[in-house]
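Chemist: The following block contains a protein sequence and its predicted model.
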Amino acid sequence: MLCLRLVYLLSGIILLFTTRLSAQDAVEVFVADMPNTTLGAAIQSNASAFLTEVNAAFVGKRVLRLNERQTSSDFRASMPELWKGDRFQIGETRIIEIVSQQRDGSYVMRNIPMIFLKPDGSEHYEEGVLQFSPSGLLMEFRIGLASHRYAELLRQGKDDIDVANREYILQFVEGFRTAYNRKDANYLNTVFSDQALIIVGRVAESTGQRSAYEQQVEYLQFTKDEYITRLRSIFRANAWIEVGFKDISILRHPRYPDVYGVSLTQYYNSTLYSDVGYLFLLIDFRDRDKPMIHVRTWQPTNVTPEDQKFSLGDMEIF
Amino acid sequence: MSKFTAMRFFITILWLMVGTQVLAQGQPSVADIKLSGLYHWGEGFSTDRQQAIDLARQDLVQKMVVTITAEQNLKVVDDGNNNTSTFELRSKSLSRMQLRGLDYVVSQRRDNSFQATAFVTKREFDQSISDLRTRILTQMSQMFAAQQRGNLSSAISQAFEILVQTYFIPVPIVADSVEVQSYLRNQLDAWLRNSEVTVPSVANRSAPGHTELTLEASVRFGTESASDLLLQLNRPGYGEHPVRAGRADVFMDVEPEQPVQNIELKLMPAIPASLDAEMKDLAQEILPSRIVTVPVDFKKVISLDFSTTKLLGAGYRFTAQFSNLSVFDLQWDFGNGETSTQASPRMEIPNIGPNGQPVTLIVNRSPDLTVRKVLMADGSFRTTLVTRAEPVILPVANPVPNTIAALDQVAFSQRNHLDPLLRTRNAVAFTDQLERLRQQNVLRYGRSTDVGPIDQSYVAIVDPSDRSVRVILTPVMNGKRYELSSNEEVAPETMRDRYQGMGSIWFSFH
């Protein structure tokens, strides 16, 4: 008899847990550094509603239903495009994060835990970034860098301007990556300068040599228009495209402090083609209101220049 | 399932639930820490657990400084070297504080990185600040007590130490540290103005080919002999000398151009030994000082005399004695129609009468630099006359512009930065200073190709054998560079030969 009661009790406990689990679709977001403010409340409410909807759409295997009072029109246009190729759910039911204000007055919340489900059924973890308008409306969703790597790259900034530039660069890189995932050629069209030098390359035949210059590499040079046209064709041909970045390093030009080089490893997977390449982007902040990307190159190996900090070993000897 | 197994399973679940609850009571949850408003907190992310904790502490300190000072500059480079902003200084100061009740919550994220939250209750932090405030106020009362006792040296020393500390202290600790700074600066300036600096004597320790004078200075506050101060010749490249018991010996290695001239001396508080290295660096930057123009009488330094040695028979050896290196002409008049221009002439003077024989030495053909003695028959002098009535300008054969003149050619803003560079002999410390200035966007440095054109670029010559900075060359002016220490001209095309085997560090100001 006692055994039966215990079984009932355990069943009750299990039922209780099951009920709680079913409520995991709901995500509560708290903005830790904006207590009791109208903006903080708006960000909390809009972020909670969106992330809860992501979980519901994931479980229901359906399209996202986005509320126009909580999201901008750009967000409502771009988010479903990402959702077509990438489905994910939120890894926590309670998210307590800070937001940081950007140059343009918008706010960014990082470290949103996301679990992606790949077409083959495997899962992988990513961290999302939400960007809000000055009034708290959801403006953009990006697949972000890992929080520790993001913080590390910002810590390497030498001064306030350097840190702000790095923040911009990392946002750009995240946006750039997410644009590929949602196959958004229009976005990519906006981030390159009209005169950008774009070099696309591939290893035609490996010689087994380590040096980049000893490999059989085909390089193609495109204008911005040619590159975007090529991308549109690639996007049409592939049902899904997934791009991942790692090993990002940001280098400030030793002589021109407003010019940065960004080098990163790019993992490119798509329905038809996969490769690993090394990207180098040259970003010019000399016009602070309009940073320009002048160069995008692809390299078969990482040729990141070393830190240019002067040491006594660098002295010229008469 | 047996009855026993089911019971054990149930008890285990209960124990786990209760145990978790107990643990939760021991340490607040991250949600409580971040949302209750009772804590200062900071967060760190890293793949290394300890680094995540360290970063969380650093973030906590930054946030506390922002909170309690309302400073919004969030950039902090905590590399232990750069004092680039007051905000950073305060952050470092708080970093060193023993924060009561500091604790951490660490969790591992799904990507295996660590997330650490450092926290301290606002109440405990206020107590830590209160302890610091009490210490500062005690120091201030000691400063006022020293002033009342008439011990201005001690008051200056204490005021300066507190002044340095105010740069590391968030505003609320002492009612308003900016006001305290302003008060202390005014007080220090006033006390330094009360000082009486004189140079009663000058010692000449020159050797052939090497001028070395010591200004024997006196520093007093009324009847009090000053101490714990520094005195320095106010010219680039000269060191600071301690003032002890009202006295300081100030080194000078240039020839006085006039027998009496006004010399600028810089009086400042000594850097308190109790400060740590970082505070000492800051103390150097904010050192209050008073420039005192002191008339210095170098006439005693230009010592003129001659000695006589009686030789066999009627012979005498006359030897001119002088220590000033500007003596270029000697004229002897032996009173018998014989003359000489040698430094140590031998002369036969027979039949010296009972009134003796007048011998005169005229230096630099100047009647104001004349020594006249009356030589007696036994070789002694009866009377001595030395004439130096008026100031005498000693001509310099080939005048070269001195260091100050060369420095005058460069912009005043650059001189401020050059001054500490000129005082730095260690090449590693020198590049550290350059790096600090580069980070402040003051200059750029590196190889010759890394800096501005030759009319803007300075060159530091480094001896690789001992890593010492030998000399700094000015930018090219009228086709020449100048060594800032000696002001010697250096033609750019001769640099390779002149400094063969030496290293060079080039820098130019923005």
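Modeler: That came through, no problem. Numbering: from 1, shown residues only, chains lettered A, B, ... in the order given.
Chemist: just the helices in the stretch 51-200 of chain B please.
Modeler: Using DSSP state H, counting those that start in this stretch, the helices assigned to the stretch 51-200 of chain B run over residues B:86-96, B:122-148, B:152-166, B:177-193.
Chemist: can you count the residues close to residue A:105?
Modeler: Per other Cβ atoms under 10 Å in any protein chain shown, the neighbour tally for residue A:105 reads 9. C-beta: built from backbone N, CA, C; applies to glycine.
Chemist: picking up where we left off before, identify whichever of the helices of the stretch 51-200 of chain B lies nearest to chain A.
Modeler: Each of those was checked against chain A via Cβ to the nearest Cβ, and the shortest separation belongs to helix B:86-96, namely 10.3 Å.
Chemist: picking up where we left off before, identify, out of the helices of the stretch 51-200 of chain B, the most deeply packed stretch.
Modeler: For the helices of the stretch 51-200 of chain B, average neighbour numbers computed from mean count of other Cβ atoms under 10 Å in any protein chain shown are highest in helix B:152-166, which has a mean of 23.
Chemist: same question for that one, mean pLDDT?
Modeler: Averaging pLDDT along helix B:152-166 gives 90.
Chemist: Packing partners of it?
Modeler: For helix B:152-166, the packing partners by 3 or more Cβ pairs under 8 Å, 6 or more residues apart in numbering or on different chains; DSSP states H and E come out as helix B:122-148, helix B:177-193, strand B:260-269, helix B:277-286.
Chemist: after the last one comes which helix or strand?
Modeler: So that's helix B:277-286. In the C-terminal direction, the helix or strand that comes right after helix B:277-286 (DSSP states H and E) is strand B:290-297.
Chemist: and the helix or strand that that following strand is followed by, how far out from the chain's middle?
Modeler: Downstream of strand B:290-297, the first helix or strand assigned by DSSP H and E is strand B:304-310. Put simply, strand B:304-310 sits 45 Å off its chain's centre (Cα atoms, centre = their mean, to the nearest Å).
Chemist: circling back to that earlier point, make CSV out of the helices of the stretch 51-200 of chain B and add distance to residue A:140.
Modeler: Written out in CSV, the entries for these read as follows (distance: least, Cβ to Cβ, whole Å):
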stretch, distance to residue A:140
helix B:86-96, 31
helix B:122-148, 35
helix B:152-166, 45
helix B:177-193, 41
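Chemist: Now do the strands in the stretch 51-200 of chain A.
Modeler: Under the criterion DSSP state E, counting those that start in this stretch, the stretch 51-200 of chain A carries strands at the ranges A:87-90, A:94-97, A:99-101, A:107-117, A:123-132, A:138-144, A:197-205.
Chemist: partners of the residue lying closest to residue A:180 once chain neighbours are set aside in the sheet?
Modeler: In space, residue A:180 comes closest to residue A:243 once its chain neighbours are excluded; the distance is 3.9 Å by Cβ to Cβ, 6 or more residues apart in numbering or on different chains. Using DSSP bridges, the beta-bridge partners of residue A:243 come out as residue A:268.
Chemist: Now residue B:377. Nearest residue, chain neighbours left out?
Modeler: Taking Cβ to Cβ, 6+ apart as the measure, residue B:377 lies nearest to residue B:352, with 4.2 Å between them; neighbours along the chain are not counted.
Chemist: contacting residues for that neighbour?
Modeler: By Cβ atoms under 8 Å, 6 or more residues apart in numbering or on different chains, the contact list for residue B:352 reads B:375, B:376, B:377.
Chemist: Run a quick neighbour tally on residue 240.
Modeler: Picking chain A for this. Counted with other Cβ under 10 Å, the neighbours of residue A:240 add up to 14.
Chemist: I was after chain B.
Modeler: Neighbouring residues of residue B:240 were enumerated by other Cβ under 10 Å; the total is 18.
Chemist: Dihedrals phi and psi, it?
Modeler: In this entry, residue B:240 is assigned phi and psi values of phi -100, psi 140 (degrees, to the nearest 10).
Chemist: same check, this time on residue A:252
Modeler: Main-chain dihedrals, residue A:252, degrees, to the nearest 10: phi -90, psi 140.
Chemist: and the residue lying closest to residue B:63 once chain neighbours are set aside, what helix or strand is that in?
Modeler: In this structure, residue B:63 finds its nearest non-sequential neighbour in residue B:42, 5.4 Å apart by Cβ to Cβ, 6+ apart. For residue B:42, the host element (DSSP H and E) is strand B:39-46.
Chemist: Walk me through which strands that strand pairs with, and which way each runs.
Modeler: When DSSP bridges is applied, strand B:39-46 pairs with strand B:114-121 (antiparallel).
Chemist: ok now the partner strand, how far from the chain's centre?
Modeler: Its chain's C-alpha centre and that of strand B:114-121 lie 41 Å apart, by Cα atoms, centre = their mean.
Chemist: Please tell me I have it right and residue A:88 contacts residue A:124.
Modeler: No. Using Cβ atoms under 8 Å, residue A:88 and residue A:124 do not qualify as a contacting pair, with a distance of 9.3 Å.
Chemist: joint contacts of those two?
Modeler: Shared contacts of residue A:88 and residue A:124, counting by Cβ under 8 Å, 6+ apart, come down to A:115, A:116.
Chemist: Can you pick out the residue with more neighbours from the two?
Modeler: A direct count of neighbours by other Cβ under 10 Å for residue A:88 and residue A:124 places residue A:88 higher, at 23 against 14.
Chemist: Quick one: residues contacting the more buried one.
Modeler: Residue A:88 makes contact with A:54, A:58, A:114, A:115, A:116, A:117, A:126, according to Cβ under 8 Å, 6+ apart.
Chemist: distance of it from residue A:97?
Modeler: Shown here: residue A:88 relative to residue A:97, a distance of 18 Å by Cβ to Cβ, to the nearest Å.
Chemist: all strands for the stretch 201-318 of chain A, in order.
Modeler: A:216-222, A:241-252, A:259-270, A:274-284, A:292-299, A:316-317.
Chemist: And those, which one averages the lowest pLDDT?
Modeler: For the strands of the stretch 201-318 of chain A, where the average pLDDT is lowest is strand A:316-317, sitting at a mean of 52.
Chemist: ok, then the element right after the helix or strand of chain A with the lowest mean pLDDT?
Modeler: Across the helices and strands of chain A, the lowest-confidence element by mean pLDDT, DSSP states H and E is helix A:2-22, at a mean of 47. Going down the chain from helix A:2-22, the next helix or strand is strand A:28-31, by DSSP H and E.
Chemist: Quick check: residues of the stretch 51-200 of chain A near chain B?
Modeler: Counting by Cβ under 8 Å from any Cβ of the partner chain, the stretch 51-200 of chain A comes close to chain B at A:91, A:94, A:96, A:113, A:115, A:125, A:127, A:146-148, A:150-152, A:157-160, A:163.
Chemist: Quick check: end-to-end length of stretch B:167-187?
Modeler: Its start and end residues considered, stretch B:167-187 measures 17 Å (Cα to Cα, to the nearest Å).
Chemist: try stretch B:356-371
Modeler: Taking Cα to Cα, stretch B:356-371 runs 16 Å from one end to the other.
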